[in-house]
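>>> Below is the sequence, then the predicted model.
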Amino acid sequence: MNMRRIEIHEREASASRRLSSRWNLPPGVTRVSVGQVFWVTGAAGIDTTVLSDPLLQTRIESIGGSVTAVGSPPTLVIDVRWRAGVTDNRAQASAEAMDLLSTAATVASGDVYYVYCDDGVQADEDLRILVGAWARREVANPLVQKISVRAWAEHLQQEVWENCLAPEDADKADLQSGVMVASFPLHVPMEDWLRWSQENFWALDRSELQQIRDYFSNPEIRMRRFEVGLPESPTDVEMEVIAQTWSEHCKHKIFAADIDYCEAATDSNFGGLKVIGPLNINGLFKSEIVRTTREVEAIRGLGWLSSTFSDNAGMVRFDEAIDVSIKVETHNSPSALDPYGGALTGILGVNRDILGVGMGARPVANTDVLCFGLPDWSEKQVEENLPSGLKHPRRIMEGVHRGIQDGGNKSGIPVINGAFVFDEGYCGKPLVYCGTIGVSPARLPDGSSGSKKRVLPGDLVVMAGGRVGKDGIHGATFSSLELNEASPQSAVQIGDPLTQKRLADFILAARDLGLYSGITDNGAGGLSSSVGEMAQFTGGAAIDASLVPLKYLGLKPWEIIVSESQERMTVSVPESRWPAFFDLAKLHGVEVTRLGSFDESGEFRIFWNGRTVGCLKLDFLHKDLRPMAIQAIWSGPQKKPEWIRRSDKKPVPDTTRSVSFREIARSIISRPNVASKEAWVRRFDHEVQAATVGKPFTGVAADGPADSGVIWLKPHGAADPYVGVAVSSGINSKVAHVDTYMSAQLSLDEAVRNLICSGGDPDHTCLVDNFCWPDPLPGPNNPDHAHKAAQLVRACRGLADTAIAWGMPFVSGKDSMKNDFSGMRPDGTRVKISIPPTVLVTAMAKVSDVRKLVSSDFKKSDATIYVCGPMASWPLEGSELCDAWHVPDAMADYPRFDLASQLELYRKVHRAIGSGLIQSCHDVSDGGLFVALAESAIGGRKGAMIDSPHVGSLGDLFHEGPGRLVISVSPENEAAFVELLGSASHVRIGTTNDAGALSFKNVCEDLLEFGVLELNRWWKGDL
Amino acid sequence: MPKAMILCGDGLNCERETASAFDAAGFVSSITHINELVRNPKILGSFQAMGIPGGFSFGDELGSGQILAKKLRTFASHELRDFVRRGNPVIGICNGFQALVKLGLLPWPDTPQEIALAHNSAGNFINRWVEVEFPDSICIWTKGIEDDARIPIQYPVRHGEGRVTAADESKVLQELKRRRQIPLRYRQDFNGSMDRIAGLCDPSGVVFGLMPHPEAAVSDWLHPSKEKGSARGLDIFKNARRYVDER
């Protein structure tokens, strides 16, 4: 059994050249070329030709110890391969390809880089260190990959034939220790328990630990433990199950807390901002979010909410034959550590939520909203400012983007909606919101409900999908802690879209055959959470952890139970259906394993080879945790916190002359938050499944931005031939420092407004809330925790008030609470980076006829342009204009946002779209009215003359106040349109034309004019 | 009605819309897992057409279509070749095209691999609608499809590895042209494909591989222009149905 090293290099140099052009090569290095490398062990006759394409690639195969040379010898060779235990998709697929005829092969894979240097550069230690540092920065992540740098001569002589599949040394020692189950003595000081909590990443606090000790000291529990053969002190299996179940990530303790809220006394009335306190809140989730849904449901008598808040996703019925489900997750911490893996597992994870909702739904669309630090950091800025342990924002963006791309494309799920948001506050942790829309039949083929699980006592606990490894241990608890340099690598994972696609195909087939009774996904907390949660249906479950199939030997029971290894579902299968379930799984190439059964014992019991290693009361796990108490004091509007000082902003120039106005306009339309993201978004498949009616881009050259994604539902089983669903998002963290009540309201309004533009029905709209917050709990490094907690309360109230006024229920939501980084600047000073409090609202609405969609681009010349919505001027604070330029008096009193008239406007615009009165409709958001007009002009390649007194100042064009739509109407429909709008606020601002320019008559002393193609060039820029 | 086998599984993901297109053209399609075919390749005998849909078989690892082709070649090579020899139409779309090339069914069976589908010249996956043209060819799938002067025919493309290339491009191209095996071209260069080739057929004209997705251009409202009559993807599947009828 020889190990072979096989290198595959592209024959064409263009691929390597393309990559190299993006890299900042270290001094002395002239070029780097990249290839693939495989280490294959197997029988001599094994056929490795499948590894390459003879036309496109060359292969170099070396056996035993010496390496065959290739082409012109490089100075250095870098091998980058996955660390033991990290998912290696290429190796798995290769092994499968070589195993087709059962000649078992073990394979590891990686990338090999040939580093070429200037003549005379020596391959010495200095160069190796330099190149190693470059590799860690630009092409590899040491958390998940092993990087070795060798001089060419050394590489030739002694390629080190490591056993690439064995666990690494540190793990080995651990594996050989032989202790499979440990326990933690009860009768020791609390300090020991606090230390254990920290050492084991339990993220449990003093009061929670006390509650755990009380539970285990209870005589009844002690008696029961004696009966089942457990020691009185908790085992590591039990402690881990409790820690995962009680983690902030799984339990949402902050959203369940008792909160004492008040507003700090100030002289002003907060500049027109809403006073809501004082308040005593028993759980924000219940009292704000769920309350909103229940009130809306009661007031409006909604009959279309199939399932809210109780399952893996929210489900609504927009068509008699199907339920549409929606869920949005965040994957911030994993994406901070490994952007590619974090985003990939984020997408696959939320896809599984949909796969596990009700009796299983088919994922039909993804949405991705991504928040990063500004991507344009120079090397110098990085050197001077970027704390150690953090990655360059651009590297994070590229990695996340690639993860989203692979996650969606390889799963065959279109990305139909999303956003990129940039702010320096996201340098510490990026925000990676991954959402999925699913469709399931209202009735399954056997007539039973598609939205209700029906797990019965005696049903088998079955794990389906990938195997379990050490990857992803402590993801749930880790994400409940602040990020720092010591964050555990085990929380990082790479996803496997192929395994998950097979799993999804299998599950949907099994569902339609009625082969299971319930299903949920294995996400945070692994089996401990999925089985623990499903056990509540029958009132108990028992599993044997030794039956769980492993990626490699040597996992302890607690690791198996909490591992978050990806691509797994937990399914309850009636004993009688097991043979058919098993056979179908085999056909689909999916591994399924029975681990135990559901029962009515009231306990979650875990065995290891038949011996009990854990036994916990379900009530204790799921119900008994006492709510924490949080103090929340709002200190009013604050200055935007800055952890890094970017170069001083220039004062906004005098705008009486068009030349300086043009300079401002150009700076705004090319800013990362505003500029076109087309180059990035086109790499996402947005129309696989052939149902994407509303695509991300629109207009004559398909480059104008769309406001929401729209999916046609007939291909997914709808009864109505033309019904669709529109999905959009609204996110605003720009004015969160002023007030989160307002920023949350703006997020919600933006999401809804986007839907309206694309034909969504405001009376058939539901919402999903996602809160990403800096830590609102007291801590040594968190002086303003009470303000952050108050910001959270205000955000919830802002959402609740708006949603109730508009009659739109929340159907699902999620929060992520510790989005802080603390570490060291390059100069040794401590730095804490907290994200701005960020509310994402994802909105989903029924579109009654997908053939009547309206898009954002101007369609024809001589159409009248209207701005509909509130016209009062809005403070510039937080706007793109303010972020780019120093604007005096940006902060001012905020006008009231009239929710009732706004809803009336949305309803009327919706009717106008349905009646075919509108040619284009676009929302006004980042960059204000100017950018909205520019985008409509670019999309339609139409000019416009704006000649209204309402558009006369810098503020008119760049403020980012809520509620406005830019609508174009043909002359023949104008009268009907105006009559339909009636008293709803609207003003005529100009006319479209074929002159090729967007012109403003009343803004400067001279005519302010922009060529449409010029705008397009600025807007596309080079992001 | 004639039966069409649409493969699924192992990461393919366009089987449902491909089956719908076959159905709309008058076939009875049956979505069949690759492993069903591999376990019992004889089942192919009861079908009159076959589609290998798009997707990411085996996660595109080792190159798109590579492992799927090896799997089909290992277990069903004889039956597939026989199916084609008997004149049954086969279409491979996107990933299916890549697999047909690596299987050796395109462009010339039983010769060493002479063309490949390489990474797009831009280096990355691209999703957009492109205008296509239908040169004169022997392909039964594209017979008689003509441009409407008002709306050029557009199909969506969604791939990262779709650039047709060959070791000896001029020789291969000459041969393809001589034997009229280029049924589909891009109107503008989109991915660096030689001679803007978007699709190829085999010397008999029944095997058709193409990168664009006609199965996603069947309903007008999915077309970017949304205009009536703009979606022309079904023409291709209807041709296959007509061909099966006329045999």
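Happy to help now that I have it.
>>> Nearest spatial neighbour of residue 30, chain-adjacent residues omitted?
Since no chain was named, I'll use chain A. A:Y116 (5.2 Å; Cβ to Cβ, 6 or more residues apart in numbering or on different chains). From N, CA and C alone the C-beta is placed, and that goes for glycine too.
>>> you looked at the wrong chain, it should be chain B
Nearest one to B:S30, counting by Cβ to Cβ, 6+ apart, is B:M5 at 5.8 Å.
>>> same check, this time on A:P549
The spatial neighbour of A:P549 that comes closest, neighbours along the chain excluded (Cβ to Cβ, 6+ apart), is A:R467 at 4.8 Å.
>>> same thing with B:A198?
B:A198 sits nearest to B:L184 (Cβ to Cβ, 6+ apart), 4.4 Å away.
>>> Correct me if wrong: the one you found contacts B:F134.
Yes. Counting by Cβ atoms under 8 Å, B:L184 does reach B:F134; the two are 6.3 Å apart.
>>> Quickly list what's touching both of these two.
B:T142 (Cβ atoms under 8 Å, 6 or more residues apart in numbering or on different chains).
>>> Show the contacting residues for residue 121.
Went with chain A since none was named. A:V121 makes contact with A:28-29, A:75, A:127, according to Cβ under 8 Å, 6+ apart.
>>> not what I meant, chain B
A:14, B:163, B:191-192.
>>> in what helix or strand does it lie?
Using DSSP states H and E, B:S121 maps to neither a helix nor a strand.
>>> how far away is the closest residue in space to B:G54 that isn't next to it in sequence from A:K908?
Excluding its sequence neighbours, the residue lying closest to B:G54 (Cβ to Cβ, 6+ apart) is B:C94, at 3.3 Å. Between B:C94 and A:K908 the distance is 44 Å, computed by Cβ to Cβ, to the nearest Å.
>>> how about the residues of the stretch 301-450 of chain A that lie near chain B?
The stretch 301-450 of chain A comes close to chain B at residues A:405, A:409-412, as judged by Cβ under 8 Å from any Cβ of the partner chain.
>>> next one: the stretch 651-800 of chain A
Contact residues, the stretch 651-800 of chain A versus chain B (Cβ under 8 Å from any Cβ): A:682-693, A:695, A:698, A:702, A:712, A:715.
>>> Which ones among these lie within strands?
Among these, the members found in strands (DSSP state E) are A:692-693, A:698, A:712.
>>> what number of residues lie near residue 111?
Picking chain A for this. Using other Cβ atoms under 10 Å in any protein chain shown, A:D111 has 18 neighbouring residues.
>>> hmm, I had chain B in mind actually
Neighbour number of B:T111 under other Cβ under 10 Å is 8.
>>> How far does stretch A:922-930 stretch from one end to the other?
12 Å (Cα to Cα, to the nearest Å).
>>> hmm, I was thinking of stretch A:305-314
8 Å.
>>> So what touches it?
Residues contacting stretch A:305-314 (Cβ under 8 Å, 6+ apart): A:289-290, A:293, A:297, A:315-317, A:323, A:325-327, A:353-354, A:356-358, A:361, A:436, A:438, A:442, A:451, A:453, A:520-521, A:766, A:768, A:809-813.
>>> What remains of those if I keep only buried residues?
A:289-290, A:293, A:297, A:315-317, A:323, A:325-327, A:353-354, A:356-358, A:361, A:436, A:438, A:442, A:451, A:453, A:520-521, A:766, A:768, A:809-813 (16 or more other Cβ atoms under 10 Å in any protein chain shown).
>>> Show me what residue of chain B gets nearest to chain A.
Using Cβ to the nearest Cβ, B:N13 is the residue of chain B that sits closest to chain A, at 2.5 Å.
>>> Now that residue. Its backbone dihedrals?
Torsion angles at B:N13 (phi, psi; degrees, to the nearest 10) stand at phi -140, psi 10.
>>> next one: the one 5 residues further on
With angles defined as degrees, to the nearest 10, B:T18 sits at phi -70, psi -40.
>>> for the one 5 residues further on, same thing?
In this entry, B:D23 is assigned phi and psi values of phi -60, psi -40 (degrees, to the nearest 10).
>>> and it, what is it in contact with?
By Cβ under 8 Å, 6+ apart, the neighbours of B:D23 are B:S29.
>>> again with the one 5 residues further on
For B:V28, the contact set (Cβ under 8 Å, 6+ apart) comprises B:1-4.
>>> and the closest residue to A:E591 other than its chain neighbours, how many residues sit next to it?
Ranked by Cβ to Cβ, 6+ apart and with sequence neighbours excluded, the top spatial neighbour of A:E591 is A:P549, at 6.1 Å. A:P549 has 13 neighbours, counted by other Cβ under 10 Å.
>>> A:P549 contacts A:A464, correct?
No. Counting by Cβ under 8 Å, A:P549 does not reach A:A464; the two are 10.7 Å apart.
>>> hey, what's in contact with both of the two?
A:591, A:593.
>>> picking up where we left off before, who's more crowded, B:C94 and A:K908?
B:C94 (30 against 20).
>>> Okay, now the unreliable bits of chain B?
Residue ranges of chain B with pLDDT under 70: B:149.
>>> distance between the longest strand seen in chain B and the chain's centre?
Secondary structure assigned by DSSP E gives strand B:126-133 as the longest strand of chain B. Here strand B:126-133 is found 15 Å from its chain centre; the criterion is Cα atoms, centre = their mean, to the nearest Å.
>>> Also stretch A:921-934?
For stretch A:921-934, the distance to the chain centre is 26 Å (Cα atoms, centre = their mean).
>>> same check, this time on stretch B:69-84
That offset, for stretch B:69-84, works out to 16 Å (Cα atoms, centre = their mean).
>>> Can you point out the buried residues in it?
Residues B:69-73, B:75-76, B:79-81, B:83-84 are the ones in stretch B:69-84 that count as buried (16+ other Cβ under 10 Å).
>>> which residues sit in contact with the residue nearest to A:E591?
Listed by Cβ under 8 Å, 6+ apart, the contact partners of A:P549 are A:463, A:467-468, A:591, A:593.
>>> Now do it against A:G532, distance only.
A:P549 is 20 Å from A:G532, by Cβ to Cβ.
>>> next one: B:D136
Distance from B:D136 to A:G532, by Cβ to Cβ: 66 Å.
>>> Comparing those two, which residue is more hemmed in?
Higher neighbour count among B:D136 and A:G532: A:G532, with 24 against 10, using other Cβ under 10 Å.
>>> Which of the three states applies to residue 240?
Since no chain was named, I'll use chain A. Of the three states, A:E240 takes helix under DSSP: H, G, I helix; E, B strand; the rest coil.
>>> so it touches A:P557, yeah?
No. Using Cβ under 8 Å, A:E240 makes no contact with A:P557, being 9.3 Å away.
>>> Give me the more crowded residue out of those two.
Using other Cβ under 10 Å as the criterion, A:E240 and A:P557 rank with A:E240 on top: 27 against 24.
>>> if we can go back for a sec, okay, and which of the buried ones among the contacts of stretch A:305-314 map to helices?
Counting by DSSP state H, these place A:293, A:297, A:353-354 in helices.
>>> In three-state terms, label B:A231 for me.
Under three-state DSSP, B:A231 comes out as coil.
>>> hang on, I meant B:I31
Going by three-state DSSP: B:I31 is strand.
>>> what about it, distance to B:A19?
5 Å.
>>> thought A:K1020 was touching A:V674?
No. If you go by Cβ under 8 Å, A:K1020 and A:V674 don't touch, sitting 11.4 Å apart.
>>> who has more neighbours, these two?
More neighbours surround A:V674 than the other of A:K1020 and A:V674, with 25 against 17 (other Cβ under 10 Å).
>>> Excluding residues flanking it in the chain, which one is nearest that one?
Leaving out its chain neighbours, the residue that sits closest to A:V674 by Cβ to Cβ, 6+ apart is A:G927, at 4.3 Å.
>>> do the same with A:I347
Closest to A:I347 by Cβ to Cβ, 6+ apart is A:G407, at 3.0 Å.
>>> Check which helices and strands the helix or strand harbouring the one you found is in contact with.
Per DSSP H and E, A:G407 falls inside helix A:393-409. On a contact count with 3 or more Cβ pairs under 8 Å, 6 or more residues apart in numbering or on different chains; DSSP states H and E, helix A:393-409 meets helix A:332-337, helix A:339-355, strand A:362-372, strand A:415-422, strand A:431-441.
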